[in-house]
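J.: what's the 3D shape of this:
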Amino acid sequence: MHPRFTKFHGYGNDYLVFEAEQLAAAGDLESFARRICDRHYGAGADGIAIIQRAENDNADFVVRIFNPDGSEANMSGNGTRCAASYLFFHNLWANDQLRLKTRNGIKRYRLLERQEPAGFLFESELGQPRFDSASIPMLTERLLDRVINYPLQIGDQAVSVTALQMGNPNCCIFVADFDAIDWRGLGPLIENHSRFPERTNVIFIRVRDRSNIEERIWERGVGETESSGTCSCAAVIASVINEKTDRRVDVHAPGGIIPIEWRDNGEVVLTGRADLVYSGAWLIE
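T.: Presented below is the predicted three-dimensional model:
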């Protein structure tokens, strides 16, 4: 049986969504993800999302996310939203409330709107950030409760960074002008920096005002990408703890504008879309 999938994108961040049983004969999932995500020789995507029904009442479905380099992600805001859209599009779920179990815990989704032919708007509760250097994880000279304005040494220069855990490790850098910094060059250097035992997402942030920021994203295992839900959440949190914005912020990513709120109870809520691209079958053995 050839595995069938449906491709969705969230603000240009695209995922191939499979049901787990479709990949029973796929073998090594890391290798499979690398092959099918290739944009020249595969179907092309920023990752794959694999869903199956949960085995207990704590969640409705389980979702696993694999990056194009074959690594498995702890969490993906856009990837899980694409997985949620798959369930509604294929009539596998009808309740407006949905709980998805990820490697980073259970995330909650509320369907706000369905647009024809296949656009879905969700309010997504993506969890609470952690700030101490051990939880990020980040190797610092001493344990830090928060990593703010940390001088990260890159070659002969030090870059001031704010780091936090938001589903995945995230390293945020504030800039006045994207064109004045080689962010595409810095991205992979910071992603694989020795200070981060796990590769980190790298987000470059320009603050417009108290309720609007712009971002450029270097996502771990992906590279430059149009948007990333967890990265956008991290960008908002970093902006708040640096006292640059309020707790409700519109994030202007290359792929679109994403409203995010860091609520007083600590929960980070993203309101965002996922849209159908196409359905297909992987015919290559």
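J.: right, and the helix or strand after the particular helix or strand that has Leu87 in it?
T.: Using DSSP states H and E, Leu87 maps to helix 77-89. Proceeding N to C from helix 77-89, the next assigned helix or strand is strand 97-102, under DSSP H and E.
J.: Could you figure out how far that following strand is turned away from helix 77-89?
T.: 130 degrees (axes from the mean of the first three to the mean of the last three C-alpha atoms, to 10 degrees).
J.: Strand 97-102: partners in the sheet, and parallel or antiparallel?
T.: Strand pairing for strand 97-102, determined by DSSP bridges: strand 61-66 (parallel), strand 105-115 (antiparallel).
J.: Can you tell me the SS state at the spatially closest residue to Ala43 that is not a sequence neighbour?
T.: Spatially, and ignoring its direct neighbours in sequence, Ala43 is nearest to Ile36 (5.2 Å; C-beta to C-beta, 6 or more residues apart in numbering). Backbone N, C-alpha and C define where each C-beta goes, glycine included. With DSSP: H, G, I helix; E, B strand; the rest coil as the basis, Ile36 sits in helix.
J.: Hmm, Leu126 and Thr271 touching each other?
T.: No. If you go by C-beta atoms under 8 Å, Thr271 and Leu126 don't touch, sitting 11.0 Å apart.
J.: what about the residue nearest to Ala43, how many neighbours?
T.: Other residues within reach of Ile36 by the criterion other C-beta atoms under 10 Å amount to 22.
J.: now swap in the one 4 residues further on and tell me
T.: Neighbours of His40 under the rule other C-beta under 10 Å: 5.
J.: Can you pull the phi and psi angles for it?
T.: With angles defined as degrees, to the nearest 10, His40 shows backbone torsions of phi -110, psi -40.
J.: pLDDT wise, what is the residue nearest to Ala43 at?
T.: pLDDT recorded at Ile36 is 96.
J.: swap in Val251?
T.: pLDDT at Val251 comes out at 98.
J.: and if you look at Cys231?
T.: Cys231 is given a pLDDT of 97.
J.: Distance check, it against Val207.
T.: Cys231 sits 16 Å away from Val207, going by C-beta to C-beta, to the nearest Å.
J.: Neighbour count for these two, which is higher?
T.: Cys231 (32 against 17).
J.: ok, that one - contacts?
T.: 170, 201, 203, 215, 217, 219 (C-beta atoms under 8 Å, 6 or more residues apart in numbering).
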